[in-house]
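Participant: compute the structure for the input listed below.
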Amino acid sequence: MNLNIAGAAFAAAALLMTGAAHAERLTDQPLVDAAWLNQHLGNESLVILDIRDATDAGDLYAAGHVPGAVAAPYAAAGWRAKVGDVPGLLPTEEAIETLVSGLGIDNNDHVVILTGGQNASDFGGATRVYWTFKVYGHDNVSILDGGYAAWAKANGPLSTEAVTPVATTFDAEFRPELRAEVEEVNKAIASDTNLIDARSVAQFIGQEKTNTVQALGHIPSAVNINFDKFYDAEKPAFASADTIAQLARDAGVNDSEGFISFCNTGHLASIAWFGLSEVQGLPNVRLYDGSMSDWTSDPSRPVVTN
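Facilitator: Modelled structure (predicted):
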């Protein structure tokens, strides 16, 4: 693996990335590969967000990152919010504007999100942050397919020089059509809208639950598409559109009135949302970010185990 410790040129490029706005749309693709990202390093319109969290092994960003990338840890930076007793919700518009502006991102920058890529759940950090950008009106966003694991496999250059972003201005514009709340879920139960439970089979059928969920089982009328089927850690890469279409067929899903994905706290559900909406390109796909933690916070809401 190439370790670019010097990285002076990339550090200079990083300062440009976080400066004035540049109205260049680098790609319309939701996923970019390591070769594409390597080719575009230093582009003034590009901001790379490394959302890897620190682990027991230490600070992964400090140990080596894509040159010019800005650290924005998934768990620590403020990408999700707790409201009352419900964790993992979409932060307020003001909070996201403050976070994104502080990362040196304006409305004209193209953001590429990078996570570890070791497994589907880890990759879900990237899909959730991607959804957050989209739901707040920013279309210039992609994910590095396979994350850091794919970058390392491709022998991409690395830097150990931390990038300090220059704050700018990001103006959010909320898109309610990308987010579902309890009202939309209740309507979905009574209609042809597909409710997609992205959790494990054991949680779907009520054999297991997390401590954030108050009751075993799932929302009535939902079908299960296990989140880990959307990601191949061996490659590493996200599932293809054809694979995702087959997953939907196998689950008996139709696209008559759209889709709402959910899980426990809206993390794993973002993987299904990303696959259906962005990779397969289906219309009317929403993410219920409150998911089962929110749904079961009111014991009067129905939950089934069959």
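Participant: what residue is smack in the middle of this protein?
Facilitator: Thr127 (1.7 Å; C-alpha atoms, centre = their mean).
Participant: so it sits right up against Ile143, yeah?
Facilitator: Yes. Assessed by C-beta atoms under 8 Å, Thr127 is found in contact with Ile143 at 6.9 Å. Heads up, the C-betas are built off the backbone N, CA and C, glycines and all.
Participant: identify the contacts common to those two.
Facilitator: Phe274 (C-beta atoms under 8 Å, 6 or more residues apart in numbering).
Participant: how many neighbours does the closest residue to Pro73 other than its chain neighbours have?
Facilitator: Excluding its sequence neighbours, the residue lying closest to Pro73 (C-beta to C-beta, 6 or more residues apart in numbering) is Asp53, at 4.8 Å. Here the count is done by other C-beta atoms under 10 Å, and Asp53 has 16 residues near it.
Participant: cool, and the one 10 residues further on?
Facilitator: Neighbours of Ala63 under the rule other C-beta under 10 Å: 12.
Participant: next, give phi and psi for it.
Facilitator: phi -70, psi -20 (degrees, to the nearest 10).
Participant: make sure Pro165 is indeed in a strand.
Facilitator: No. With DSSP: H, G, I helix; E, B strand; the rest coil as the criterion, Pro165 is assigned coil and is not in a strand.
Participant: shouldn't it be in contact with Gly104?
Facilitator: Yes. Counting by C-beta under 8 Å, Gly104 is a contact partner of Pro165 at 3.2 Å.
Participant: which residue ranges make up each domain of the chain?
Facilitator: Domain segmentation of the chain under automatic domain parsing yields 8-153, 176-295.
Participant: so which of these comes closest to Pro302?
Facilitator: domain 176-295 (5.3 Å; C-beta to C-beta).
Participant: tell me the mean pLDDT for the closest one?
Facilitator: The average pLDDT within domain 176-295 is 96.
Participant: what distance separates the start and the end of that domain?
Facilitator: 19 Å (C-alpha to C-alpha, to the nearest Å).
Participant: and what of stretch 151-167?
Facilitator: Rule used - C-alpha to C-alpha; the end-to-end distance of stretch 151-167 is 27 Å.
Participant: re earlier: distance check, the residue nearest to Pro73 against Ala75.
Facilitator: Asp53 sits 5 Å away from Ala75, going by C-beta to C-beta, to the nearest Å.
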